[in-house]
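S.K.: Model the structure of this input:
(one chain, ligands or ions: 1)
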Amino acid sequence: MKIDAYERFFLILTGITLVIFFGAIGVSAMASAVSLSDPAGRVDPTNFADTPFENPGVRELAPGKYEVVMVAQAWQFTPNEIRVPVGSEVMFRVTSRDVIHGFEIAGVPLNMMVIPGHISAASTTFSTAGEYLIICHEYCGVGHQGMFAKIIVE
Ligand code: CUA
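M.R.: So this is what the prediction gives:
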């Protein structure tokens, strides 16, 4: 098959550009330690009976290790305020009762989507004391901008 010299040039250029762009994505994901959270299970959003989401809250799993079970719904997180000691490793397990919400902890590399029927889970360590804001970053209706919760690390 005959390919015109210009066409060949732009095909090669496009290929090189793609390799550079995918390489940049890979390098930046590794440099900023991006990791995708594992699918942590499913739950019926209409019935939390006999699941951890029946009684959301903070549980101590071991010294310095905590689990936070949270329910997102328009337009609040339950629980709304969490207290953990400084240096704690905290595993968040979050689900939604209604629509898709977001779960981002400002200043901490933890950012998830919260999907009804799915359990989103990820953990982080709070090595600095202070107040951390959890914000919903998926548009979820007229009250979206007021959907937040607080983590107090003391
Ligand atoms: Cu929930 Cu936006």
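S.K.: If you count neighbours, what's buried in stretch 27-40?
M.R.: For stretch 27-40, burial by neighbour count (16 or more other Cβ atoms under 10 Å) applies to residue 40. No exception for glycine: its C-beta is placed from N, CA and C like everyone else's.
S.K.: and that stretch, how far from the chain's centre?
M.R.: Taking Cα atoms, centre = their mean, to the nearest Å, the mean C-alpha location of stretch 27-40 is offset from the chain mean by 11 Å.
S.K.: can you give me the mean pLDDT across that stretch?
M.R.: Here stretch 27-40 scores 77 as its mean pLDDT.
S.K.: Close to the ligand: what parts of the protein are there?
M.R.: Within the chain, the residues that sit near the ligand (Cβ under 6 Å from any ligand atom) are 75, 101, 102, 136, 138, 139, 140, 144, 147.
S.K.: what's the neighbour count on the closest residue to the first one other than its chain neighbours?
M.R.: So the one you mean is residue 75. Nearest in space to residue 75, with sequence neighbours left out and distances taken as Cβ to Cβ, 6 or more residues apart in numbering, is residue 143 at 3.2 Å. Here the number of neighbours of residue 143 (other Cβ atoms under 10 Å) works out to 11.
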